[in-house]
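Chemist: could you look at this predicted model? Sequence included:
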Amino acid sequence: MLSLKHISQKLEGTVSLPYSKSIANRLLFLRMLQNKSIIFDITNLNNDIKLAQEATTAIAQNKCVYAEDAGTVFRFSLALAASEPLFNNMIFANKRLMERPILPLIEILRSWGAEISIKPEGLLVKGIQFSTQRLFLPPFESSQFITALLLIAPKFGLSLSISPFQTSYAYINQTILLMQTQGFDILQNNTSIAIKAKIPEIKVKNDAIELDWSAASYFFSMAIISPVSKIFLNNLDFSKLQGDSIFIKNWIDMGIFSIEKSHGGIVILGSDIAQIPKVIDFSDCPDISMNFIFAMALKNLSFDALGLGTLNNKESKRLLILHKALQKMGVNITSITENSISISGCSIDAEPLIFNAYQDHRLAMTFAQYALIGHCSIEQTEAVNKSFPQFWEQLSALNYEIT
């Protein structure tokens, strides 16, 4: 457990961000289409990227895969292993990951001929060579099912029609754009996608991996709580691939955040909370919904947050846990559904509080914002290793006192 308190009148300092695990993991699995692995020559890799590197190597060698708590690694590994005729082995996952959605992807791969058995500790997969497929896909709980299919589609050719109601479509679009930049032949027309059976030579350099805008979002939401700020996000640039970047860029254009670009990075200068809309849809960027909801609640704002339907299917039951944390703080929650939460302000006394992160990296980083108004303690803080191992060090650079 860590105890946190902000000890300065101003939120100021330089932050170094991790690499995007979304982009890195997609590149790792695409590279395996050529039966070649990648070892990223970059420092401070988070756990998810390490697990993805190990998983792709294991599939190539017909060895067991250990996904642990990584949903991306679990789903992408399942699709890749099912499309490998020589693969006949286990993909292990922890208890919580086995509770998260996976069955729709299993059913699709089984219908194509793969043999997949569900075990308490994971999936036993016997792969097969797929032939050209056409699919109409209903809305899924996770966009990663569709991305998993897209990442193996160049091996056999695939045409998809995707429901316009699919959540987190920005992540599907990220996959398509990334594949196109790597030379894959993909045609997209609204929600229809056609991928040709063609595997180009992929030459991945470290600079193909952008810095992570999900990680950057925590410093933007902190600027809502502390509107006089000067946070330099080192080497960060705006991204067309990451939906979180697009969301924050829209808020900059709306006048909510004030920034300047300087020395190859972005400086957050502050925020104007009066410009924040009363209704906010997080459908395309659910990963950053919690920290923004938490920050806006701390500023006594009234708003409706929509597009939260996937949160309870993540590393923890995120919306449920966030709801309890907001109640503990005295936030006035007027309604909550599986997809939304409505808040009508509060009067927070800033008394010392203890938060449990439930082994969820995004909850741990979200709750850390409370230290900007008062003292707090957070349990299971090691969860940040999943996506942002240096998170607590970066807070120290912003004058957080952490013990």
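Modeler: Received it, and whenever you're ready, just let me know what you need.

Chemist: you'd agree residue 86 is up against residue 61?
Modeler: No. Counting by CB atoms under 8 Å, residue 61 is not a contact partner of residue 86; they are 9.6 Å apart. To be clear about C-beta, it is placed using only N, CA and C from the backbone, and glycine gets the same treatment.

Chemist: mutual contacts of those two, please.
Modeler: Between them, residue 86 and residue 61 share no contacting residue under CB atoms under 8 Å, 6 or more residues apart in numbering.

Chemist: can you give me the buried ones in stretch 315-326?
Modeler: Residues of stretch 315-326 classed as buried under the neighbour-count rule (16 or more other CB atoms under 10 Å) are 315-319, 321-323, 325-326.

Chemist: hang on, I meant stretch 6-14
Modeler: When neighbours are counted by 16+ other CB under 10 Å, the buried residues of stretch 6-14 are found to be 6, 11-13.

Chemist: and the residues you listed, which is closest to residue 357?
Modeler: For residue 357, the nearest member of the buried residues of stretch 6-14 is residue 6. The distance, counting by CB to CB, is 18.6 Å.

Chemist: so what's that closest one up against?
Modeler: The contact partners of residue 6, by CB under 8 Å, 6+ apart, come to 226, 371-372, 398-401.

Chemist: from the buried residues of stretch 6-14, which land in strands?
Modeler: Judged by DSSP state E, the buried residues of stretch 6-14 include 6, 11-13 as members of strands.

Chemist: hang on, isn't residue 322 packed against residue 291?
Modeler: No. Counting by CB under 8 Å, residue 322 stays clear of residue 291, with 9.8 Å between them.

Chemist: and for the two, which residues touch both?
Modeler: When CB under 8 Å, 6+ apart defines a contact, the residues bordering residue 322 and residue 291 alike are residue 366.

Chemist: tally of neighbours for residue 231?
Modeler: Neighbour count of residue 231, defined by other CB atoms under 10 Å: 26.

Chemist: so residue 232 lies in a strand, does it not?
Modeler: Yes. The assignment for residue 232 is a strand, going by DSSP: H, G, I helix; E, B strand; the rest coil.

Chemist: select only the buried ones of the contacts of residue 6 in PyMOL?
Modeler: Typed into PyMOL, the next command selects the buried ones out of those (criterion: 16+ other CB under 10 Å):
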select buried, resi 226+371+372+398+400
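
Chemist: residue 57: what secondary structure?
Modeler: Reducing the assignment at residue 57 to three states with three-state DSSP gives helix.

Chemist: now it: how far from residue 84?
Modeler: Distance, residue 57 to residue 84, by CB to CB, to the nearest Å: 13 Å.

Chemist: which of these two has more neighbours?
Modeler: The residue with more neighbours, out of residue 57 and residue 84, is residue 84; 23 against 16, by other CB under 10 Å.

Chemist: which residues does the more buried one contact?
Modeler: Neighbour list for residue 84: 59, 62, 127 [criterion: CB under 8 Å, 6+ apart].
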